[in-house]
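>>> My questions concern the predicted model and sequence given below.
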Amino acid sequence: MKILNLGALNIDRIYQVEHFVEPKETIKAVAYEELCGGKGLNQSIALAKAGADVYHAGCIGQDGEMLVNLLREYGVKTDYLRYSTGPSGHAVIQVNAAGQNNIIICGGANDEVTDLYIDEVLADFSREDMILLQNEIPNVDYAIRKAHERGMKIVINPSPVNQALETYELLSIDYFILNEVEGKYLSGKESDRPGEMMEGLREKFPQAAFILTLGENGAYYFDAKDCVYQASYQVEAVDTTGAGDTFSGYFLAGLVQGRGIEECLRRASMAAALAVSRHGAAPSIPDLQEVNEILEQEKKRR
Ligand code: RIB
């Protein structure tokens, strides 16, 4: 099964800070780096590192060479990438001393994903294939409709959540990958409790399966009848940026490789934990060999 990931590619401008800047305050960054990111790019790299056959589609600008080079370095197929005459998308990211982040994204070339472009790309994919979407590009709703018409499996990580989501044909989605904010919003429940979110999500989208990630509180897979829980692997947080993307890519790669849900969750959780213990988004995604080795050691310790 081929995976088409239609998503954003960003240059991440990362400011290491003691604390997040407050209104009216000016602070000095402790360190600054420019690294590859974007939820789309990060998830493609995680998929590829976990052994999946992944095609990345999306738009980059004149300054996007580092983005395309990184995708190619890990074996992501870049034939469908479109080049803009303007700048690439970027993100302004503050990472505080506790490793937490806050992020502003600026669309740039990502905003040039048009219906026509989506049609051109989808023409090469069929019901044998899977499409992965996030919510950082325009026309996600169109991509869902067209991918559904082609019979593709559809996976959405609706991040960042916004009101436009309500207008998407979410009853065509096969898998939702959600964090607690997205889970709460889409469940329609005013509750942070996983059980209530699950109930709301199952009611609203009975056709779908869900992966609900709760950071240090673990992750759930559930569908209309099953529910599997995986605890998080505890690590010292250096930078949480891209950890969710790492989880998504590793989980999906496991799924298309035909692994059981328990194993998919275990590998994704370990990969995300390793990502949290390192700087950056895309650069923090671990290799499969490392993930497997540490899981083996874990098993022996038990
Ligand atoms: O999920 C992390 C990503 O969100 C960053 O790489 C940034 O570019 C934003 O898209």
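Alright, I've got the coordinates.
>>> Okay, and the beta partners of the residue of the chain found nearest the ligand?
Residue nearest to the ligand within the chain: G37 (2.4 Å; CB to the nearest ligand atom). C-beta: built from backbone N, CA, C; applies to glycine. Applying DSSP bridges to G37 yields these beta-bridge partners: N10.
>>> Contacts only, for it.
Going by CB atoms under 8 Å, 6 or more residues apart in numbering, G37 touches N10, I11, D12, A91, I93, T241, G242, G280, A281, A282.
>>> Show the end-to-end separation of stretch 247-264, please.
9 Å (CA to CA, to the nearest Å).
>>> swap that for stretch 50-61, sorry
With CA to CA as the measure, stretch 50-61 spans 27 Å from end to end.
>>> Please identify the residues of the chain in proximity to the ligand?
Residues of the chain lying near the ligand by CB under 6 Å from any ligand atom: 8, 10, 12, 37-39, 42, 91, 103, 105, 136, 241-242, 244-245, 281.
>>> Out of these, which one has the lowest pLDDT?
Among these, A281 has the lowest pLDDT, at 91.
>>> what about that residue, how many residues close to it?
31 (other CB atoms under 10 Å).
>>> go on, the one 10 residues further on?
Burial of V291, expressed as a neighbour count using other CB under 10 Å, amounts to 24.
>>> How far does stretch 282-296 sit from its chain's centre?
Remark: stretch 282-296 is offset 17 Å from the chain centroid, using CA atoms, centre = their mean, to the nearest Å.
>>> Give me the contact list for that stretch.
For stretch 282-296, contacts defined as CB under 8 Å, 6+ apart pick out 35-37, 41-42, 45-46, 49-51, 70, 239, 241-243, 245-246, 249-250, 266-267, 270-271, 274-278.
>>> Go through those and flag which are in strands.
Assignment to strands by DSSP state E places the following of those there: L35, C36, G37.
>>> roughly how far apart are the last one and A98?
Shown here: G37 relative to A98, a distance of 20 Å by CB to CB, to the nearest Å.
>>> and what of the second one?
C36 sits 24 Å away from A98, taking CB to CB as the criterion.
>>> just for the chain, where's the confidence low?
Applying pLDDT under 70 to the chain flags no residue at all.
>>> List the buried residues for the longest helix seen in it?
In terms of residue count, the longest helix belonging to the chain (DSSP state H) is helix 261-276. Across helix 261-276, burial judged by 16 or more other CB atoms under 10 Å covers 261, 264-276.
>>> repeat for stretch 27-41
Neighbour-count burial for stretch 27-41, counted by 16+ other CB under 10 Å, picks out L35, C36, G37, G38, K39, G40, L41.
>>> A29 against Q16, yeah?
Yes: at 6.1 Å, A29 and Q16 qualify as touching, with contact defined as CB atoms under 8 Å.
>>> For the spatially most central residue of the chain, which non-adjacent residue is closest in space?
In the chain, the C-alpha nearest the mean C-alpha coordinate belongs to D245, at 3.3 Å (CA atoms, centre = their mean). Closest residue to D245 apart from its sequence neighbours, by CB to CB, 6 or more residues apart in numbering: N42 at 3.5 Å.
>>> how far away is that neighbour from K153?
For N42, the distance to K153 - CB to CB - is 21 Å.
>>> Quick one: the strands in the stretch 1-150 of the chain, in order.
Ranges of strands in the stretch 1-150 of the chain, per DSSP state E, counting those that start in this stretch, are 3-6, 10-16, 31-37, 54-57, 59-60, 82-83, 89-95, 101-106, 130-133.
>>> Phi, psi for the spatially closest residue to N179 that is not a sequence neighbour please.
Leaving aside its chain neighbours, N179 sits nearest to T213 (5.2 Å; criterion: CB to CB, 6+ apart). Dihedral angles phi and psi of T213 (degrees, to the nearest 10) take the values phi -100, psi 140.
>>> Which strand residues bridge T213?
N179, A219.
>>> That one against L178, yeah?
Yes: between T213 and L178 there is a contact at 7.2 Å, judged by CB under 8 Å.
>>> OK, contacts around the residue nearest to E196 when sequence neighbours are not counted?
Setting aside the residues directly before and after it, E196 is nearest to K189 in space (CB to CB, 6+ apart), at 4.7 Å. The contact partners of K189, by CB under 8 Å, 6+ apart, come to E196, M197, E199, G200.
>>> Which helix or which strand is home to K189?
Per DSSP states H and E: K189 is located in neither a helix nor a strand.
>>> Any figure for the gap between it and K204?
Per CB to CB, K189 is found 10 Å from K204.
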